[in-house]
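J.: Just need the structure, nothing else, for what follows:
(one chain, ligands or ions: 1)
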Amino acid sequence: MHRIELAGWNLKFVLCTTYLCAMVKEDVLTLVDKGVMLPLMEEFYTIQGEGFHKGTAAYFVRIGGCDVGCHWCDVKESWNAETHPPTAVENIVENAAKYSDTIVITGGEPLTWDMGPLTSALKAKNLKIHIETSGAYALTGIWDWICLSPKKNKLPEGKIYDKAHELKVIVYNKHDLIFAEEQAAKVNGDCILYLQPEWSVRDKVTPLIVDYVMQNPKWKVSLQTHKYLNIP
Ligand code: SF4
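T.: Residues are numbered from 1 along each chain as shown. Next up is the predicted model:
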């Protein structure tokens, strides 16, 4: 079941292709609800800038819709799913497979939606599938790599802590280090722990993180290297 009210979904997107022309809004909502169509905000081939796979070329698929509400969010335009065209997962997969064998599903909060159909279709093409998620909703889909980036506003659903491959806590202020430890206490023993400065306050918090990691070396520093490289 989708968690975001879609009653006002803008039909201009529904009417944009011949295939969808005959579809009524309810049909589209049903398909989105099942995860066979998803509100696609953007997709692009770039270098993963953060976390364990930093430096790796990957195709990013940004799915619209998020109600977590981080005040420092740098993709606020992703929040309203209604502004992003419902797109058939086959089309997303077809595009993605042209560019890379590593696909990163991000958002918004991708787990707002059922990720089963998208990830099954990507797996059928033998692609490696990564997710960047706050974990605010139940984990669906098949994943080769789960980056859990929990947010205070809406804490992760319990099961994802056992499955996360990396925990990436965004540090906006000193208190986030306490939150990071609370979250680290919940993940599985193999999960790699990262602290990442929030970009807008990076000059202030990066020194804090550096000191903290040197004193607590179970943590690693993650930087948004794609922003330093000036790539998406
Ligand atoms: S969970 Fe991610 S997309 Fe949603 S508000 Fe927070 S930073 Fe933005």
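J.: From the contact counts, what lies against the longest helix seen in the chain?
T.: Criterion DSSP state H: the longest helix present in the chain is helix 202-215. Helices and strands touching helix 202-215, by 3 or more CB pairs under 8 Å, 6 or more residues apart in numbering; DSSP states H and E, are strand 166-171, strand 192-197, strand 219-221. For glycine as for every other residue, the C-beta is placed from the backbone atoms N, C-alpha and C.
J.: who does the first one touch, helix- and strand-wise?
T.: In this structure, strand 166-171 packs against strand 145-148, helix 175-184, strand 192-197, helix 202-215, with contacts taken as 3+ CB pairs under 8 Å, 6+ apart.
J.: do the same with the shortest one
T.: Helices and strands touching strand 219-221, by 3+ CB pairs under 8 Å, 6+ apart, are strand 192-197, helix 202-215.
J.: Can you list the buried residues in it?
T.: Buried positions in strand 219-221, judged by neighbour count with 16 or more other CB atoms under 10 Å: 219, 220.
J.: What lies in contact with that strand?
T.: Applying CB atoms under 8 Å, 6 or more residues apart in numbering, the contact partners of strand 219-221 are 180, 184, 192, 193, 194, 195, 196, 209, 210, 212, 213.
J.: Mind listing residues that contact the longest helix of the chain?
T.: For helix 202-215, the surrounding residues in contact (CB under 8 Å, 6+ apart) are 171-174, 177, 195-198, 219-221, 223.
J.: List only those of those residues flagged as buried.
T.: For the contacts of helix 202-215, a burial check counting by 16+ other CB under 10 Å picks out 171, 172, 177, 195, 196, 197, 198, 219, 220, 223.
J.: Please look at residue 139 and residue 111 and confirm they touch.
T.: Yes - counting by CB atoms under 8 Å, residue 139 does reach residue 111; the two are 6.5 Å apart.
J.: Tell me which of these two has more neighbours.
T.: Higher neighbour count among residue 139 and residue 111: residue 111, with 26 against 19, using other CB atoms under 10 Å.
J.: Burial check on residue 151, number of neighbours?
T.: Neighbour count for residue 151, taken as other CB under 10 Å: 20.
J.: How about the one 3 residues further on?
T.: Taking other CB under 10 Å as the criterion, the count of residues near residue 154 is 17.
J.: before we move on, what SS does the spatially closest residue to it that is not a sequence neighbour have?
T.: Excluding its sequence neighbours, the residue lying closest to residue 154 (CB to CB, 6 or more residues apart in numbering) is residue 136, at 4.3 Å. Assigned with DSSP: H, G, I helix; E, B strand; the rest coil, residue 136 falls in the coil class.
J.: Contact partners for residue 136?
T.: Residues counted as contacts of residue 136 (CB under 8 Å, 6+ apart) are 68, 109, 111, 151, 154, 155, 156, 157.
J.: of these, list those near the ligand.
T.: Filtering the contacts of residue 136 for proximity to the ligand by CB under 6 Å from any ligand atom leaves 68, 109, 151.
J.: Retrieve the pLDDT associated with residue 27.
T.: With respect to pLDDT, residue 27 scores 89.
J.: can you give me phi and psi for the residue nearest to residue 159 when sequence neighbours are not counted?
T.: Spatial nearest neighbour of residue 159, chain neighbours left out: residue 139 (6.1 Å); criterion: CB to CB, 6+ apart. When read as degrees, to the nearest 10, the backbone of residue 139 gives phi -70, psi 120.
J.: Check residue 187 too.
T.: The phi/psi pair for residue 187 (degrees, to the nearest 10) reads phi -80, psi 170.
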